[in-house]
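Here's a sequence, model it:
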Amino acid sequence: SFEKVSWPIRDIFVGISILILFELLVYLRLFSYRPWIANPFYFALWMLFDISLILYSLHLFKKHGFRPLFYSMAIYKLFKELFKAFLIALLIILIITATANLLEILFQTKMNMPEVWQWITNAPNIFLLVATFVMGLTLGPVAEEVFFRGFLYNAIKSRLPIPIAAILQAIIFAAYHRYD
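Numbering: from 1, shown residues only. The predicted model follows:
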């Protein structure tokens, strides 16, 4: 159980260092925070970062004997669930797009395109566009949940009271999700 183990400070420090390294790369302009889609190198770096969050968290779960986040599932069932989630996300995107187009027609006005949609419509190739959707709808959110809620929150909670751990984890999560 998570509550019975006091996570080593070193594990917490290394986890937060991964986030700091990413933010440092962004700050030094060695990595473009957004849009990743504009450059295959940035996309690969983004993917590597998300994978490192998952692998570090899973490594610690295995090291400490935790298995509460995942249950055993056949690989075909996993892909089936991911495919269903992807189709649902695409359906939501289509509904939002159709609604925006309908509002433009009804009110005879042109809606401002959010910056993210400008990046998508200017994607250099279809591979990066599809890969960004897949990453943005699957790996990215899963990596963040596993790292921030699965590892970081529980590690901080093992050393501090729950309200302080929740607030500290939320501050770190918000700092990671800065918007320029």
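
so after the worst-scoring helix or strand of the chain on mean pLDDT, what's the next helix or strand?
None of the helices or strands of the chain scores lower by mean pLDDT, DSSP states H and E than helix 115-121, at a mean of 64. Later in the chain than helix 115-121, the nearest helix or strand by DSSP states H and E is helix 126-134.

Buried residues, that following helix. List them.
Judged by neighbour count (16 or more other C-beta atoms under 10 Å), helix 126-134 contains these buried residues: Leu128, Leu129, Ala131, Thr132, Phe133. Glycine gets a C-beta too; all of them are placed from N, C-alpha and C.

How many residues are close by Leu21?
Number of residues near Leu21 (other C-beta atoms under 10 Å) recorded here: 13.

what's near enough to touch it?
Not one residue lies near Leu21 by C-beta atoms under 8 Å, 6 or more residues apart in numbering.

in the protein, which helix has the most residues?
helix 75-107 (DSSP state H).

Show me what that one is packed up against.
Applying 3 or more C-beta pairs under 8 Å, 6 or more residues apart in numbering; DSSP states H and E, we find helix 75-107 packed against helix 126-134.

C-terminal to the helix it packs on, what's the next element?
With DSSP H and E, the next secondary element past helix 126-134 is helix 140-144.
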